[in-house]
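what follows is a predicted structure for the sequence shown.
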2 protein chains.
Amino acid sequence: MPSIDVCFSPELLHLYNLSGKVAVVVDVLRATSSMVTAFAHGIEKIIPVSTLDDCLTQKQTGYLTAAERDGRKAEGFDLGNSPFSYMEENIKGKTLIMTTTNGTHAIRLSAAADKVLAGAFLNVGKVAEFLEAEGKDVLVVCAGWKGNFNLEDTLFAGALAERLKDTFSAANDATLAAQHLYRLAQPDMAGFLANSSHVQRLKNLDITEDVTFCLREDVYEVVPVLAGDSLVPLKSLPVS
Amino acid sequence: MPSIDVCFSPELLHLYNLSGKVAVVVDVLRATSSMVTAFAHGIEKIIPVSTLDDCLTQKQTGYLTAAERDGRKAEGFDLGNSPFSYMEENIKGKTLIMTTTNGTHAIRLSAAADKVLAGAFLNVGKVAEFLEAEGKDVLVVCAGWKGNFNLEDTLFAGALAERLKDTFSAANDATLAAQHLYRLAQPDMAGFLANSSHVQRLKNLDITEDVTFCLREDVYEVVPVLAGDSLVPLKSLPVS
């Protein structure tokens, strides 16, 4: 039986051997939620980059740029990190270069895995379906907040482990903790997260609608996968 | 109101500023549980060292040595890491040089804090009492397992945060997660931990009695504190 493990912070990633595994990178609030939303609305490709400079230097004619730092849209870029800004008609067929405080960096760090997916509550069901068909060991890489543990990414890891509990074993204590926390939170995730550090941070920025949206499960069917330096939508999802 | 934060692994310690804080290092299974037990039975001083070599080179006439690696007593040392081996009459007044897989290293890494305490379920009440009297920000440093998150140290962090919940604020999501997990586990901690990775490891070594003992709360009143390179029992506990 393949196993599912959880890495609570990119700062712990050096402890894991990614070879032969599928990495599921998650930054619920809000990078991977926005990415999934963007693909669901027709964006063709997302190039995740670690720094604001990379975001600008890789810009080409017709590309969109998205940059967020500390929860806010960075100056001089087309888009920020709200999923609602990726629901526009004009993103269809475009390439997006994106940098966020935590999520895009975590994706680049996970590139040693056999496959790297972007996961969010919005597409958790399809991610689980793909992982079951793949049958390889899984590592959920939580983007966290500047290296620190966060609750919302942990809850996603728990949700994914719950979906896979009959077909994957819990590799480690981090998986068990994530599952316990998700079961506890599931009846009212927004309430459970109300005191969490990042929700408090976003509350100050008055974007509670984003939080409510990012906590919805199974809204979209798309699974972004890293191909070279870019995320693209996984074309051939296994038949369920 | 001072705050209580939790660092889930020594590998994340560089993210925290320890200056002005009290660090409570915990390695429930079993380093800090054994230390607390040893002081409760009259040991005078414990010198925590990171490596087996340090343990041997610092040995002097009359000193005891204790060394554990991967859950087993290391060859050529007087004692291992079972709390029961520290209940003997002949340890009274002695100095002990100790190295364990995770716990002693975590103590040395935390030395930048204003004060460094060794915490365990066995002395959690007295640790809480001391922290309340001190009134400084607290960081619980979980020893973890070879850099990875573990459940039992997290539960201790949650237990301590629960004891302090009226007088300390939760600094971060890690504190909230630890509290949630502790509340969930508290009615039957051994049951809750039965599937955890380290309990499984110890089960293979047939030392489940150690686990049961290490999960008992408020057995001893001693609080080990780092003074220079050594742990000594805190003499003047605040009057409760």
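Structure's in. What do you need?

confidence score at A:Leu237?
Listed pLDDT for A:Leu237 reads 47.

got the end-to-end distance for stretch A:98-117?
With CA to CA, to the nearest Å applied, stretch A:98-117 spans 16 Å between its terminal residues.

mind checking the SS state of A:Tyr182?
helix (DSSP: H, G, I helix; E, B strand; the rest coil).

hang on, I meant A:Leu56
helix.

tell me, how many residues neighbour it?
Per other CB atoms under 10 Å in any protein chain shown, the neighbour tally for A:Leu56 reads 15. Just so you know, the C-beta spots here come from the backbone N, C-alpha and C atoms, and that holds for glycine as well.

now the least confident helix or strand in chain A by mean pLDDT: buried residues?
Among the helices and strands of chain A, helix A:197-204 carries the lowest confidence by mean pLDDT, DSSP states H and E, at a mean of 78. Neighbour-count burial for helix A:197-204 flags A:197-199, A:202 (criterion: 16 or more other CB atoms under 10 Å in any protein chain shown).

residues touching the closest residue to A:Phe8 other than its chain neighbours, list them.
Of all residues not flanking A:Phe8 in the chain, A:Phe149 sits nearest, at 4.8 Å (CB to CB, 6 or more residues apart in numbering or on different chains). The contact partners of A:Phe149, by CB atoms under 8 Å, 6 or more residues apart in numbering or on different chains, come to A:8-9, A:142, B:8, B:12, B:172-174, B:177.

and chain A, which residues reach chain B?
Within chain A, the residues that sit near chain B (CB under 8 Å from any CB of the partner chain) are A:8-9, A:11-12, A:15, A:145-151, A:154, A:170, A:172-174, A:176-177, A:180-181, A:184, A:195-198.

how about 7 Å then?
A:8-9, A:11-12, A:15, A:147-151, A:154, A:172-174, A:176-177, A:180-181, A:184, A:195-197 (CB under 7 Å from any CB of the partner chain).

name all residues that make contact with A:Glu162.
A:179, A:182 (CB atoms under 7 Å, 6 or more residues apart in numbering or on different chains).

please compute how far the helix or strand harbouring A:Ile46 lies from its chain's middle.
Per DSSP states H and E, A:Ile46 falls inside strand A:45-48. What separates the centre of strand A:45-48 from the centre of its chain is 13 Å, taken as CA atoms, centre = their mean, to the nearest Å.

likewise stretch A:187-198?
18 Å.

okay, strands next: where are they in chain A?
A:3-7, A:22-26, A:45-48, A:64-69, A:72-73, A:95-99, A:115-119, A:138-142, A:169-170, A:224-227, A:230-233 (DSSP state E).

quick one: which of those strands is nearest B:Lys136?
Closest approach to B:Lys136 among the strands of chain A is made by strand A:138-142 (29.5 Å; CB to CB).

what comes up buried for that closest one?
A:138-142.

of all the residues you listed, which comes closest to chain B?
The nearest member of the buried residues of strand A:138-142 to chain B, counting by CB to the nearest CB, is A:Cys142 at 10.7 Å.

quick one: the closest one and A:Asp5 touch, right?
No - here A:Cys142 lies out of contact with A:Asp5, judged by CB atoms under 7 Å, at a distance of 11.3 Å.
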